[in-house]
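**Student:** 3D model of this:
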Amino acid sequence: MGLQKFRFEGISTDGKKLSGFLFSDNKESARKKLQKDGIAVLVIDPYTERASDENMERFEFQGTASHERVVRGEIEAQNQYAAYKKLRLDYGFDLKYLVPKALPYEEKEALKKQPINPELEQIFREDTTIRAARKKKVAEERKDPIEEMLGNRREEMRFLQGEIEKVIEQVQKLLDDNSDCLDPNMRRDIQSRVDRLSRLRQSSSVKHLESIMKRLFEDLGSDAIFLEQSLRDKIPDFEVKREQFQIIAGTLKSSLNKGLASVQITESDIKKLKAIIRLRPLVKILHILYWSFAFLFFMTLNFWGLHWVKLILQYDVPRTEFYFQSTLFWFVTGFSAIITLFFAPEIFLKKSFSWKVRGIFYGGVILVLGIFTVQFPVLFSWTG
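**Tutor:** Predicted coordinates:
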């Protein structure tokens, strides 16, 4: 079997919500790839291309995206306004033209040279769904992705616990209704597992619950649960009862598997999220330190710029020369410059770095700072 395409949503190690696509052999290996990159997986599902609807039309468009980038392409929509709305709302394009692709070439070219229909913009401004969508988008952006993910986990666990409770009741009924067909020792063992599952159904460990349920349904599906052969003949319709028992047990197992499958957020994801929460105060402190060094670097650049101008104008030369020969001023400038420039990608880039990459990067920065400190008299030989 070839590689499959999967769509995922998750939380990066620095608490940012991510979504995207990746290729993998199966869902589990795709999840492991993401977890290896330090992403706590929220949702991962096979990606299926949407089949084209016969009622949909195709439109050619040209627009301006961010940074004045010109974008040309095609879009499929139910009508011209639906295409206009999608391009404006979802992509943020400032449209120059939007024409049906099916029109004759000469007619399309003529429409492309005309201003876009002002009625489209008028409808767009009056469309109440636009305001609702924008409010929803703003609200989602304000949401803490970690709190949202933990909330989803709680919802998933509540659903699973509800499924377990229903299954416990039905397994108990199954045991009671078929007590005359079951081996007493096996029935006692299964009853103890049902009781244990009932006590532990509120557990947050899916793996622990899964192991108990797996053993429970292995016993329910085993032929050894029934009376030995010599006693079966004494029970009327034994084979019919056994078949019904196995069908019901199989149905309960499927129901419980559905509950387990609903839990997308694993224990490893929760551990990562808790680690992120614990690190948040430290990250805030590090950000404050970074901006302190950045401000210091900015001020020293202004300081040196001012004194370069003084030197060129031959104003207050003795004091200016003193500053240019000052070891302390140049050391502060160099040290703050290294911190500001080297850590800028971590602060400004939206891409999340894995802990391995961060470890290598931080080690490199510490090495550069060490070399700068030791070799300062050589690098700034005119000072001191």
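**Student:** Next, the buried residues of whichever helix or strand residue 246 is part of.
**Tutor:** Using DSSP states H and E, the element containing residue 246 is helix 238-261. By 16 or more other C-beta atoms under 10 Å, the buried positions in helix 238-261 come out as 238, 241-242, 245-246, 248-249, 252-253, 256, 259-260. (C-beta placed from N, C-alpha, C; glycine too.)
**Student:** Please apply the same query to stretch 69-87.
**Tutor:** Applying 16+ other C-beta under 10 Å to stretch 69-87 flags 75, 77, 80-81, 83-85, 87 as buried.
**Student:** same check, this time on stretch 289-302
**Tutor:** Residues of stretch 289-302 classed as buried: 290, 293-294, 296-297, 300 (neighbour count, 16+ other C-beta under 10 Å).
**Student:** cool, stretch 94-111 as well?
**Tutor:** 95-99, 111.
**Student:** can you tell me which two in the buried residues of stretch 69-87 are farthest apart?
**Tutor:** 75 and 81 (12.2 Å; C-beta to C-beta).
**Student:** Could you name every residue contacting both of those two?
**Tutor:** The contact sets of residue 75 and residue 81 do not overlap (C-beta atoms under 8 Å, 6 or more residues apart in numbering).
**Student:** Which residues outside stretch 366-379 are in contact with it?
**Tutor:** With C-beta under 8 Å, 6+ apart, stretch 366-379 has contacts from 327, 331, 334-335, 338, 342, 383-384.
**Student:** Any of these buried? List them.
**Tutor:** 334-335, 338.
**Student:** Give me the subset of these lying in helices.
**Tutor:** Among the buried ones among the contacts of stretch 366-379, the ones falling in helices (DSSP state H) are 334-335, 338.
**Student:** how about those in a markdown table, adding distance to residue 277?
**Tutor:** As requested, those are exported to a markdown table (distance: C-beta to C-beta, whole Å):
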| residue | distance to residue 277 |
| --- | --- |
| 334 | 36 |
| 335 | 32 |
| 338 | 30 |
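**Student:** quick check, nearest of the residues you listed to residue 116?
**Tutor:** Taking those together and measuring to residue 116 by C-beta to C-beta, the closest member is residue 338, at 50.6 Å.
**Student:** residues contacting that closest one?
**Tutor:** 365, 368-369, 372.
**Student:** mind running it again at 7 Å?
**Tutor:** 368-369, 372 (C-beta atoms under 7 Å, 6 or more residues apart in numbering).
**Student:** Which among these count as buried?
**Tutor:** Buried by 16+ other C-beta under 10 Å: residue 372, out of the contacts of residue 338.
**Student:** With distance to residue 214 and pLDDT as added columns, please give the contacts of residue 338 in JSON lines.
**Tutor:** Formatted as JSON lines, those follow (distance: C-beta to C-beta, whole Å; pLDDT from 0 to 100):
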{"residue": "368", "distance to residue 214": "53", "pLDDT": "92"}
{"residue": "369", "distance to residue 214": "53", "pLDDT": "91"}
{"residue": "372", "distance to residue 214": "58", "pLDDT": "91"}
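**Student:** Do a quick rundown of the helices in the stretch 101-250 of the chain.
**Tutor:** 105-113, 118-126, 128-142, 145-177, 184-200, 206-220, 229-232, 238-261 (DSSP state H, counting those that start in this stretch).
**Student:** before we move on, what about the stretch 251-384 of the chain?
**Tutor:** Under DSSP H, counting those that start in this stretch, the stretch 251-384 of the chain gives helices at 267-312, 317-324, 327-342, 344-348, 355-374, 376-379.
**Student:** Dump the buried residues of stretch 94-111 into CSV; add pLDDT and distance to residue 216 as well.
**Tutor:** Below are the buried residues of stretch 94-111 laid out as CSV (pLDDT from 0 to 100; distance: C-beta to C-beta, whole Å):
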residue, pLDDT, distance to residue 216
95, 90, 60
96, 90, 65
97, 91, 65
98, 91, 60
99, 91, 63
111, 90, 68
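**Student:** can you tell me which of those residues are in strands?
**Tutor:** Using DSSP state E, the members of the buried residues of stretch 94-111 that fall in strands are 95-99.
**Student:** low-scoring stretches of the stretch 51-200 of the chain, by residue?
**Tutor:** Scanning the stretch 51-200 of the chain for pLDDT under 70 picks out 51-54, 66-67, 128-153, 200.
**Student:** sorry, back to before: with the buried ones among the contacts of stretch 366-379 in mind, which one is nearest to residue 233?
**Tutor:** Of all those, residue 338 has the smallest distance to residue 233: 87.6 Å, by C-beta to C-beta.
**Student:** picking that back up, which members of the buried residues of stretch 69-87 occur in helices, if any?
**Tutor:** Those of those lying in helices (DSSP H): 80-81, 83-85, 87.
**Student:** returning to what we had before: of the helices of the stretch 251-384 of the chain, give the one that comes closest to residue 28.
**Tutor:** helix 267-312 (12.6 Å).
**Student:** Now do that closest one against helix 317-324, angle only.
**Tutor:** Interaxial angle, helix 267-312 versus helix 317-324 (axes from the mean of the first three to the mean of the last three C-alpha atoms, to 10 degrees): 160 degrees.
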